[in-house]
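Trainee: pasting the structure only:
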């Protein structure tokens with residue numbers, strides 16, 4: 001069986017000065033050193049790395065980052081410089097998730113404006129629905145896979161505060177940690193992926209399209225090289241940071257009066273299963289008159305899945321919106337969803353869940 005190792009080479013002018021630093025201060029182990037009479041090469045290992053420190057090597061010293069789950073115990077500086085010039089940064093292995101303060105704005109993103117599609121992870125195509133990302137508070141993506149079939153994905157997870165996958169066209173098969181076997185997400189269905197739940201996208205139909213919401217906008221996707229899916233156990237009540245996995249079936253939903261007069265909506269149960277972190281509703285006209293309202297939440301994002309409406313905002317030009325368009329309404333701005341078509345269908349995502357809504361007088 002062939003054995004292969006990888007080394008990172010760092011230069012030095014005097015090896016004897018570097019060895020105490022790397023072994024005593026940084027905790028590396030000396031594995032090899034030569035020649036014996038006047039050492040010029042030392043190989044060290046530790047913290048998942050193998051370093052070759054070589055006298056006269058042509059490379060620049062570089063930067064070495066050491067990540068630890070107990071950074072608080074380090075009384076010394078977080079940035080060091082080795083005798084050979086290598087910069088050493090000591091940082092948290094699992095830094096806390098930072099949720100930026102929302103930079104509120106009235107945002108309208110229309111499909112007809114030809115926003116660019118870009119190729120992202122696993123070959124999927126992404127369209128940014130909120131370019132400002134509200135100051136980093138959230139990201140909303142329209143994702144599609146034109147040619148279906150197996151998806152070149154790996155078991156992974158996301159370091160997020162909230163994440164929604166809502167299918168608007170086609171279907172996609174996904175495996176989730178502790179949730180049994182393959183789950184098929186169809187048009188009108190949605191998943192919430194609790195923070196750090198392991199999952200893998202396996203196969204998709206031709207023309208699959210989903211809306212993905214992530215909080216905050218910049219979050220880490222990490223590959224899990226150890227876990228194999230599906231996991232043997234099924235734990236529907238398990239929580240990840242207070243949130244449960246949700247697979248909501250759109251066809252089984254029932255419609256009730258919505259927070260906006262003139263509309264009815266079905267609840268995806270996400271408010272309940274995230275303990276109020278977010279709510280996700282699918283709304284449609286009920287035939288009654290529409291009115292002016294304002295909400296008192298933080299983030300209110302809406303995607304037009306079918307039909308059309310005129311979005312009116314206080315002090316704003318009205319926008320006629322159609323399928324594929326999206327908008328964000330900041331708290332306190334008076335708006336009205338006027339002239340909805342009978343087939344209008346809206347996906348509304350609010351953080352926190354179920355915001356207070358004020359009905360304004362005519």
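Mentor: Looks like it arrived, so ask away. In this text, all values refer to a predicted model and were calculated from it rather than measured experimentally. Numbers count the residues shown, from 1 in each chain.

Trainee: Each with direction, which strands does the helix or strand bottoming out on mean pLDDT in the chain pair with?
Mentor: Least confident helix or strand, the chain: strand 118-119 with a mean of 81, by mean pLDDT, DSSP states H and E. Using DSSP bridges, the strands paired with strand 118-119 are strand 125-128 (antiparallel).

Trainee: Would you mark the buried spots in the strand it pairs with?
Mentor: Buried residues in strand 125-128, counted by 16 or more other Cβ atoms under 10 Å: 125-128. C-beta coordinates here come from the backbone N, C-alpha and C atoms, glycine included.

Trainee: what's the answer for stretch 92-105, then?
Mentor: Neighbour counts over stretch 92-105 (16+ other Cβ under 10 Å) mark 102, 104 as buried.

Trainee: Now do the end-to-end distance for that stretch.
Mentor: 33 Å (Cα to Cα, to the nearest Å).

Trainee: Work out the gap between that stretch and the centre of the chain.
Mentor: How far stretch 92-105 lies from its chain's middle: 12 Å, per Cα atoms, centre = their mean, to the nearest Å.

Trainee: Stretch 267-282 now?
Mentor: Using Cα atoms, centre = their mean, the offset of stretch 267-282 from its chain centre is 18 Å.

Trainee: Which residues does that stretch contact?
Mentor: 161-162, 164, 166, 188, 190, 192, 194, 215, 242-246, 248, 250, 253, 256, 258, 265-266, 305, 345-354 (Cβ atoms under 8 Å, 6 or more residues apart in numbering).

Trainee: repeat that with 7 Å
Mentor: Contacts to stretch 267-282, defined as Cβ atoms under 7 Å, 6 or more residues apart in numbering, come from residues 162, 164, 190, 192, 242-244, 246, 248, 250, 253, 258, 265-266, 345, 347-354.

Trainee: how about stretch 1-21: buried residues?
Mentor: Buried residues in stretch 1-21, counting neighbours by 16+ other Cβ under 10 Å, are found at 10-12, 15, 18-19, 21.

Trainee: ugh, wrong one, stretch 259-266
Mentor: If you call a residue buried by 16+ other Cβ under 10 Å, then stretch 259-266 has these buried ones: 259-260, 262-266.

Trainee: can you tell me which residues contact the closest residue to residue 103 other than its chain neighbours?
Mentor: Using Cβ to Cβ, 6 or more residues apart in numbering and skipping residues adjacent in sequence, the residue nearest residue 103 is residue 135, 2.7 Å away. Under the criterion of Cβ under 7 Å, 6+ apart, the contact list for residue 135 reads 100-103.

Trainee: which of the buried residues of strand 125-128 lies closest to residue 301?
Mentor: Nearest to residue 301, judged by Cβ to Cβ, of these is residue 128 at 12.6 Å.

Trainee: need the contact list for the closest one.
Mentor: Residue 128 neighbours (Cβ under 7 Å, 6+ apart): 115, 141.
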